[in-house]
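S.K.: No sequence on hand, only this structure:
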């Protein structure tokens, strides 16, 4: 954790080696960064190095991407961000590729143009830095033995270096006047507002599917950045970035949001240091039972507001569990209707009897799950009542 801040803003970041990487003897290819600076600016970054053999220095590429992004974002915040984004309403863009492709430059705002320049600067400096790293760090014996000769020859000649160091990137930055977030590749960014509700402000990219993702190493990377910003004074109480190792461990976004709500509740109840220790203990375990991938989290949050809004966070959890209880009750009702239909048939077929058996199984499982959910709901209700 790196915190220097003012105005109640704080930060936490942590990356851990995935269970599958531990088993295979692979390094952690994630990299995370977060900081609240003395002037009130804040930056959080998560980079995920690609796992394929072709990307055999992606852990280094992820670190370099984070360092390059932090430098260029700070320049943007200090030199042009305020003039361009202050006072602007919430705006999100899936990409600028369509406008650029169709030469519709008139539709680009000054903010769009400046952010495109920011992304271009990040890509350019990342490529320059990986080229310098490759020059200063020749192929090792281990890399030579682990990769095809043609890859080694390309690397030695400075060809396709971006593939060797490839990674994804998510970043969030805020000042006292505005905030912005941008991304290329997978992983997700969650924002929590003053009502305790969550959203994903950066548009999703459907090209990120299963083990495929857009990347800073793509030749079309400049057109693959998605982003959003807000300068009208509405700030999230927390912005949490997570690599896809976390996403893949939860499935539904509501489950991942609940995990982050638990983190915010821990900050409110137990403090930042205890919460950071809990994250360090939890993520490796989550990797073991979940995606088995590397995991990274980086977050910027308002400590005071998080504490003040603790009841809202519990209320969101209650609403979320109540929705799941209703789903289980609907599942039970549907299964009971199937049973009733089969039982009313004088001569049920074998297929009818099979459907009845499945209905019995559904009723049993849904009933058991409803009991567990109800217990959680009761515990949350007690927790909420204790805050009043």
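M.R.: Here it is on my side, so go on. The structure displayed is predicted, hence computed values, not measured ones. Numbers count the residues shown, from 1 in each chain.
S.K.: how about residue 204, secondary structure?
M.R.: Using DSSP: H, G, I helix; E, B strand; the rest coil, the structure places residue 204 in coil.
S.K.: Let me see the contact set for it.
M.R.: residue 226 (Cβ atoms under 8 Å, 6 or more residues apart in numbering). For the C-beta atoms, the positions are set from N, CA and C on the backbone; glycine is no exception.
S.K.: per-residue pLDDT, it?
M.R.: pLDDT, residue 204: 92.
S.K.: same thing with residue 109?
M.R.: 84.
S.K.: Next: residue 123.
M.R.: Residue 123 carries a pLDDT value of 98.
S.K.: repeat for residue 105
M.R.: 61.
S.K.: With residue 94 instead?
M.R.: Residue-level confidence at residue 94 comes out at 87, pLDDT.
S.K.: Phi, psi for it please.
M.R.: Note on residue 94: its backbone torsions stand at phi -70, psi -30 [degrees, to the nearest 10].
S.K.: and the residue nearest to it when sequence neighbours are not counted, what does it touch?
M.R.: In space, and not counting its chain neighbours, residue 94 is closest to residue 203: 4.2 Å by Cβ to Cβ, 6 or more residues apart in numbering. Counting by Cβ under 8 Å, 6+ apart, residue 203 makes contact with 92-94, 226, 228.
S.K.: Distance of residue 203 relative to residue 137?
M.R.: 37 Å (Cβ to Cβ, to the nearest Å).
S.K.: now do residue 164
M.R.: Counting by Cβ to Cβ, the gap from residue 164 to residue 137 is 11 Å.
S.K.: Quick check on the two: which one has the bigger neighbour count.
M.R.: Using other Cβ atoms under 10 Å as the criterion, residue 164 and residue 137 rank with residue 164 on top: 25 against 11.
S.K.: tell me the contacts of the spatially closest residue to that one that is not a sequence neighbour?
M.R.: Once flanking residues are discounted, residue 164 sits nearest to residue 57: 4.9 Å by Cβ to Cβ, 6+ apart. Shown in contact with residue 57 (Cβ under 8 Å, 6+ apart): 130, 133-134, 143, 164-165.
S.K.: same check, this time on residue 71
M.R.: Taking Cβ under 8 Å, 6+ apart as the test, what residue 71 contacts is residue 125.
S.K.: Residue 275 now?
M.R.: By Cβ under 8 Å, 6+ apart, the residues touching residue 275 are 12, 263, 266-267.
S.K.: Tell me the confidence at it?
M.R.: 97.
S.K.: cool, residue 101 as well?
M.R.: So, for residue 101, pLDDT stands at 59.
S.K.: Residue 3 too?
M.R.: In this prediction residue 3 is given a pLDDT of 37.
S.K.: residue ranges with poor pLDDT in this structure?
M.R.: Counting by pLDDT under 70, the chain shows low-confidence ranges at 1-7, 96-107.
S.K.: Quick check: longest helix in it by residues?
M.R.: helix 350-386 (DSSP state H).
S.K.: which strands and helices sit next to that helix?
M.R.: helix 310-343 (3 or more Cβ pairs under 8 Å, 6 or more residues apart in numbering; DSSP states H and E).
S.K.: Counting neighbours, which bits of the helix it packs on end up buried?
M.R.: Neighbour-count burial for helix 310-343, counted by 16 or more other Cβ atoms under 10 Å, picks out 310-318, 320-321, 324-325, 328, 331-332, 335, 338-339, 342.
S.K.: go on, stretch 216-225?
M.R.: For stretch 216-225, a neighbour-count test (16+ other Cβ under 10 Å) marks 216-218, 221-225 as buried.
S.K.: Over to stretch 148-160?
M.R.: Quick answer for stretch 148-160 (16+ other Cβ under 10 Å): 151, 154-155.
S.K.: List just the nearest of those to residue 178.
M.R.: residue 155 (41.2 Å; Cβ to Cβ).
S.K.: In three-state terms, label the closest one for me.
M.R.: Applying three-state DSSP: residue 155 is helix.
S.K.: quick one, what contacts it?
M.R.: 134, 139, 161, 164.
S.K.: quick one: it from residue 231, how far?
M.R.: Note on residue 155: its distance to residue 231, by Cβ to Cβ, is 43 Å.
S.K.: Same check on residue 38?
M.R.: Taking Cβ to Cβ as the measure, residue 38 falls 22 Å from residue 231.
S.K.: okay, these two: which has more neighbours?
M.R.: residue 231 (21 against 8).
S.K.: isn't that one right up against residue 87?
M.R.: Yes: at 5.3 Å, residue 231 counts as touching residue 87 under the criterion of Cβ atoms under 8 Å.
S.K.: on that earlier part again, JSON lines for the buried residues of stretch 148-160, including distance to residue 292?
M.R.: Formatted as JSON lines, these follow (distance: Cβ to Cβ, whole Å):
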{"residue": "151", "distance to residue 292": "26"}
{"residue": "154", "distance to residue 292": "30"}
{"residue": "155", "distance to residue 292": "29"}
